[in-house]
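Trainee: Let me see the structure of the following:
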Amino acid sequence: MPHDLDTFTAQAHDFVASHHPRRDDSIAPEGSDAVTVIPERPAAQEKIELAQALAWRRTSFDAGFGWIDGPAAHGGRDLPASFAAAYREVEREYRVPDEGYTRFSVGILCPTLLAHADDQLLEEFLTPLRRADIVSCQLFSEPGAGSDLASVRTRATRDGDEWRIDGQKVWTSGAHYSSVGMLLARTDPASRTSRGLTVFLIDMDQAGVEVRPIRQLTGGAAFSEVFLDGARVPDSRRIGEIDAGWQVITTTLMHERAVIGSDGAVDLALVPRLVELARSQGVDDDPRVRDAIADVYVRAESNSLMTQMFLDRAADGLPGPEMSLSKLLLTDNLQRISDIAQDILGPRIAADTGEAGTFGWSQLALSLPGLRIGGGTDEILRTIVAQRVLDLPRPTR
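Mentor: Alright, predicted model coming up:
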């Protein structure tokens, strides 16, 4: 396998091009002109797309592109992170299946397992997760513990070599098609803070686990709530030490913010759609509109370069608190894109006139709050940047 980046990138282009056509982001997906950052699909369409995404993940893994910077012992190639970043850039040029179905498994859970799991869990789960033989979801937030995960109340009670799980989780992406969930539970009932928490990998298709969709502002149901009533998980599925789950979820959240912040395709892919909107509405020569679109493009490119610099500098592969800034800049830029579309369209973004490429932008405006909350709210991330990146003083209580 090549260790020259240019040769590797050329091989990546040849591989992806042999399976998928090039992308044209100025064209809306066939059958829809919706613009959104949290896709919502009918069940039948989702089933088809999920199968395509899993098949592509297996094809790319078997061809040596499934874990480019991962350990060779678990199916990786031990190449630098820059090679993995180059491959992601190549994929963005083609109409590959939506990687969102496996994003948590691949980009968040696997590096967390590498940092905290024992050899048995690594052997059992790493390769199947990277190859999409297993799909996972995250079971952290609760009705009374959204961004404040130290307030988690879901209980894990020891019963021999197993744990009994009782509680409720909310805002879970992909719970209805996942086979395992990364669960945060309280194992010390006397604790009320970040102490006394433990992380497990729990089977989702067992008695005692019920998944219900959550209806959102957009009318879709991209998230679910999960009810746990006497569900069981063996102690061998525990990630890290008992009552030391806070260290595990800290690693998880770092990687989650890295994944969200480094996904420059989200805002960059919307810029051509924004240009097409301005052109179709006859305002593409308006200096104010042109400046606004140029501004979001520059912000997207700058954030992408800055984020890659953060990842290249990451010690031992663990993203630092700087990734909170990357995620903040991404959501801020998406808000700017939405504001430009609303300014161009006026009332037509809220009232469907039947004109193609107009009302579909309402999906972006309505789905953005979900992204601004996921991976930590904007307010929490600003506090992290202030205290842990800029070293500003903490508030006096």
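
Trainee: Next, work out how far apart residue 390 and residue 382 are.
Mentor: Separation of residue 390 from residue 382 (Cβ to Cβ, to the nearest Å) stands at 10 Å. Backbone N, C-alpha and C define where each C-beta goes, glycine included.

Trainee: what about those two, which has more around it?
Mentor: residue 382 (14 against 10; other Cβ atoms under 10 Å).

Trainee: Buried residues, the longest helix seen in the chain. List them.
Mentor: Counting by DSSP state H, the longest helix found in the chain is helix 287-313. Neighbour-count burial for helix 287-313 flags 289, 292-293, 296-297, 299-300, 303-304, 306-308, 310-311 (criterion: 16 or more other Cβ atoms under 10 Å).

Trainee: Identify the residues contacting the closest residue to residue 129 other than its chain neighbours.
Mentor: The shortest distance from residue 129 to any non-neighbouring residue, by Cβ to Cβ, 6 or more residues apart in numbering, is to residue 105 (4.5 Å). Residue 105 sits next to 129-130, 132, 134-136 when contact means Cβ atoms under 8 Å, 6 or more residues apart in numbering.

Trainee: cool, and residue 187?
Mentor: 155-156, 158, 163, 196-198, 242-243, 245.

Trainee: Check residue 348 too.
Mentor: Contact partners of residue 348, counting by Cβ under 8 Å, 6+ apart, are 355, 358-359.

Trainee: let's see 10 Å
Mentor: Residues counted as contacts of residue 348 (Cβ atoms under 10 Å, 6 or more residues apart in numbering) are 281, 342, 354-355, 357-359, 361-362.

Trainee: Over to the nearest residue to residue 94 once chain neighbours are set aside. Which of the three states is it?
Mentor: Among residues not flanking residue 94 along the chain, residue 20 sits closest, at 4.3 Å (Cβ to Cβ, 6+ apart). Three-state call for residue 20 (DSSP: H, G, I helix; E, B strand; the rest coil): coil.

Trainee: try the one 4 residues further on
Mentor: Using three-state DSSP, the three-state assignment for residue 24 comes out as coil.

Trainee: what about it, how many neighbours?
Mentor: For residue 24, using other Cβ under 10 Å, the count is 8.

Trainee: my read is residue 158 is in a strand, agree?
Mentor: Yes - under three-state DSSP, residue 158 sits within a strand.

Trainee: What is the neighbour count of it?
Mentor: When neighbours are counted by other Cβ under 10 Å, residue 158 registers 11.

Trainee: what does residue 180 give?
Mentor: As a burial measure, residue 180 scores 23 neighbours (other Cβ under 10 Å).

Trainee: Just confirm the residue nearest to residue 129 is within a strand.
Mentor: No - according to three-state DSSP, the state of residue 105 is helix, so it is not within a strand.

Trainee: Strands of the stretch 1-150 of the chain, start to end?
Mentor: In the stretch 1-150 of the chain, the strands defined using DSSP state E, counting those that start in this stretch lie at 136-139.

Trainee: low pLDDT regions in it?
Mentor: Within the stretch 1-150 of the chain, the set of residues satisfying pLDDT under 70 comprises 1-2, 25-32.

Trainee: neighbours around residue 57, how many?
Mentor: Number of residues near residue 57 (other Cβ under 10 Å) recorded here: 25.

Trainee: Contacts only, for it.
Mentor: Counting by Cβ under 10 Å, 6+ apart, residue 57 has contacts 65-66, 96-97, 99, 101-102, 105-106, 129-133, 135.

Trainee: And those, which of them are buried?
Mentor: With burial judged by 16+ other Cβ under 10 Å, the buried subset of these is 65-66, 96-97, 99, 101-102, 105-106, 129-132, 135.

Trainee: Mind checking which of these land in helices?
Mentor: Judged by DSSP H, these include 129-130 as members of helices.

Trainee: For residue 221, state which of the buried ones among the contacts of residue 57 is nearest.
Mentor: Within the buried ones among the contacts of residue 57, the smallest distance to residue 221 is 15.7 Å, found for residue 101 (Cβ to Cβ).

Trainee: contacting residues around that closest one?
Mentor: By Cβ under 10 Å, 6+ apart, the residues touching residue 101 are 39, 46, 49-54, 56-57, 132, 135, 173-174, 177-178.

Trainee: Which members of these are the farthest-apart pair?
Mentor: 56 and 173 (19.0 Å).

Trainee: For those two, indicate the residue with more neighbours.
Mentor: With neighbours defined as other Cβ under 10 Å, residue 56 and residue 173 compare such that residue 56 has more, 22 against 18.

Trainee: Please tell me how far the more buried one sits from residue 142.
Mentor: From residue 56 over to residue 142 (counting by Cβ to Cβ), the distance is 33 Å.

Trainee: what's the answer for residue 290, then?
Mentor: Separation of residue 290 from residue 142 (Cβ to Cβ) stands at 46 Å.

Trainee: same deal with residue 296?
Mentor: 35 Å.

Trainee: Verify the stated contact: residue 71 with residue 113.
Mentor: No - contact criterion Cβ atoms under 10 Å: residue 71 and residue 113 do not qualify, at 11.4 Å.

Trainee: Tell me which of those two has more neighbours.
Mentor: Neighbour count, other Cβ under 10 Å: between residue 71 and residue 113, residue 113 has more, with 24 against 13.

Trainee: need the contact list for that one.
Mentor: 74, 121-122, 124-126, 129, 182, 201, 239-240, 248, 251-252.

Trainee: now do 8 Å
Mentor: By Cβ under 8 Å, 6+ apart, residue 113 lies in contact with 121-122, 125-126, 129, 239.

Trainee: per-domain residue ranges of the protein.
Mentor: Under the assignment automatic domain parsing, the domains of the chain span 40-130, 136-243, 263-389.

Trainee: and the second one, how far from the chain's centre?
Mentor: Right, the one you point to is domain 136-243. Offset of domain 136-243 from its chain centre (Cα atoms, centre = their mean, to the nearest Å): 18 Å.

Trainee: same question, stretch 323-342
Mentor: That offset, for stretch 323-342, works out to 16 Å (Cα atoms, centre = their mean).

Trainee: Please point out which parts of that stretch sit buried.
Mentor: By 16+ other Cβ under 10 Å, the buried positions in stretch 323-342 come out as 323-331, 333-338, 340-342.
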